[in-house]
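Novice: Quick one: sequence and predicted model below, then my questions.
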Amino acid sequence: MPLVPSYIRDLASYKPGKPIEEVHRELGIKNIVKLASNENSLGPSPRAMVAMKQAMVNCHRYPDAVGFKLRSTLAEKFDIKMDNVVLGGGSEGIMSTIMRTFLLDDDEIISAANSFIGFRVLANASGRKINWVPMKDHKYDLQAMAEKINDYTKIIYIANPDNPMGTYITHEDFDAFYAHVPERVLIILDEAYFEFAKSLEDYPDSMTYRYDNVITLRTFSKAYGLAGIRIGYGFAHEELITNLIKVKVPFEPSYLAQVAGYAALDDVDYIQETLDINQYGKDFFYNEFSKMNIKFIPTAANFITTCWSSAEEATSIADRLLHEGIIVRHLTGFGWPDCIRISIGLKEENRRCITALKKILS
Ligand SMILES: Cc1ncc(COP(=O)(O)O)c(C=O)c1O
């Protein structure tokens, strides 16, 4: 009897965007720009930093296992009850708890092929049957996904906006899809990039869906600049949340993460600056890409995926950018070998990326 189940042995390990230190170590390059992991280049929310510094003296105590302060504040902000809110070590932490809480032996999962790699890893690690449905025009093909629903379907995962394509499903798309989903099927709506998409007129605000079988996941990792602290949250029916809380790691998220999230929620100026920088960077990249005839997919998030003529060209571009000190994400691991995803950074970072691209392509 092998110690490790075959579905775990066969898993490919998750390869995140290269850290700055690694590129510095390997290539000896200084002044590196990282546009590879859709982080907030502005730095962490200043309010969160102050709160964390003040909270350090209490780090010898366990955190509040109930997460009262942050959960009740989120509940108030979104006009729901605290019993409808769960916290986790990033939204991926909550996804992981969802998999452990709801999946039984024969249960199946449906999602889009080549979407968020973090979910793919968790789904594969669950050992359940998964229907990966190809995207259509770089978007979730909800019609094809609805057709895959069967008696065994338990979880459907939708990243909205999607990473790495940056596309989104509209209110109308979701409503049409939802009509096909039985109540016994749980839909995970992963809204990691919600803050960047919410002003789009047809983007669905899932908080207005009070469906018993939908769980909305959001995070402090992106717009709030707290990716390294690991804090995310989810909203759902009380029955789902109660059971998730029974299964989750008891003292997750950490004390500092809860403190940081609570403080960041109020950081209105920082969020506005983040959104302004993102809009500016998006316009800048669109304009420069168009001038350089680089194909790209319009985005609803804080990154833009560019498309190249072949996997070889994309590999070469990403590698040469790395040697210019610009870390971007070549999307082979996601299943898009001819694409490169570029996170939108600060003005100067974006400018350096374009200058390097011009040099490479000239
Ligand atoms: C679609 C999507 N969901 C979730 C996450 C992970 O978020 P967290 O840091 O909250 O675990 C990411 C991060 O890249 C993402 O792109």
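Specialist: Thanks, I have the structure now.

Novice: Okay, buried residues for stretch 253-262 please.
Specialist: The neighbour-count check on stretch 253-262 (16 or more other C-beta atoms under 10 Å) flags 253-262 as buried. Every C-beta, even on glycine, is put in place using the N, C-alpha and C of the backbone.

Novice: got a markdown table for these, with distance to the ligand, pLDDT and secondary structure too?
Specialist: Shown next, in a markdown table, are these (distance: C-beta to the nearest ligand atom, whole Å; pLDDT from 0 to 100; DSSP: H, G, I helix; E, B strand; the rest coil):
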| residue | distance to the ligand | pLDDT | secondary structure |
| --- | --- | --- | --- |
| 253 | 10 | 97 | coil |
| 254 | 14 | 97 | coil |
| 255 | 18 | 97 | helix |
| 256 | 15 | 98 | helix |
| 257 | 11 | 98 | helix |
| 258 | 14 | 98 | helix |
| 259 | 17 | 98 | helix |
| 260 | 13 | 98 | helix |
| 261 | 11 | 98 | helix |
| 262 | 16 | 98 | helix |
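
Novice: now, among those residues, which is nearest to residue 162?
Specialist: residue 261 (24.3 Å; C-beta to C-beta).

Novice: How about that closest one: what's its closest non-neighbour residue?
Specialist: Sequence neighbours aside, residue 231 is the residue nearest to residue 261 in space, at 4.5 Å (criterion: C-beta to C-beta, 6 or more residues apart in numbering).

Novice: Just to check, the one you found is in contact with residue 258?
Specialist: Yes. Here residue 231 reaches residue 258: they are 7.0 Å apart, a contact under C-beta atoms under 8 Å.

Novice: shared neighbours of those two, anything?
Specialist: Common contacts of residue 231 and residue 258, defined by C-beta atoms under 8 Å, 6 or more residues apart in numbering, comprise residue 87.

Novice: Do a quick rundown of the helices in this structure.
Specialist: Counting by DSSP state H, the segments of the chain that form helices are 6-9, 20-27, 46-55, 68-77, 90-102, 117-125, 142-147, 171-178, 194-197, 238-247, 255-265, 268-291, 311-323, 347-361.

Novice: Distance from the second one to the middle of the chain?
Specialist: Mean-position distance between helix 20-27 and its chain equals 25 Å (C-alpha atoms, centre = their mean, to the nearest Å).

Novice: Run a quick neighbour tally on the closest residue to the ligand within the chain.
Specialist: When distances are taken as C-beta to the nearest ligand atom, the chain reaches nearest to the ligand at residue 90, 2.6 Å away. A total of 24 residues lie near residue 90 under the criterion other C-beta atoms under 10 Å.

Novice: still on that earlier bit, tell me which of the helices of the chain is the most buried.
Specialist: Ranked by mean neighbour count, the helices of the chain are led by helix 255-265 with a mean of 24 (mean count of other C-beta atoms under 10 Å).

Novice: So what touches it?
Specialist: 44-45, 47-52, 55-56, 58-59, 61-64, 67, 69-70, 73-74, 77, 87, 89, 220, 224-226, 229-231, 233, 253, 270.

Novice: contacting residues around the closest residue to residue 177 other than its chain neighbours?
Specialist: Using C-beta to C-beta, 6+ apart and skipping residues adjacent in sequence, the residue nearest residue 177 is residue 142, 4.0 Å away. With contact set as C-beta under 8 Å, 6+ apart, residue 142 has these partners: 158, 169, 173-174, 176-177.

Novice: hang on, the earlier thing: next, format the buried residues of stretch 253-262 as a markdown table and append distance to residue 196.
Specialist: Putting the buried residues of stretch 253-262 into a markdown table (distance: C-beta to C-beta, whole Å) gives the following:
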| residue | distance to residue 196 |
| --- | --- |
| 253 | 22 |
| 254 | 26 |
| 255 | 28 |
| 256 | 25 |
| 257 | 22 |
| 258 | 24 |
| 259 | 25 |
| 260 | 20 |
| 261 | 18 |
| 262 | 22 |
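
Novice: pLDDT on stretch 199-219, on average?
Specialist: Across stretch 199-219, the average pLDDT comes to 92.

Novice: Off-centre distance for that stretch?
Specialist: On C-alpha atoms, centre = their mean, the centre of stretch 199-219 falls 15 Å from that of its chain.

Novice: How about it and the ligand, any contact?
Specialist: Yes. Using C-beta under 6 Å from any ligand atom, stretch 199-219 reaches the ligand at residue 219.
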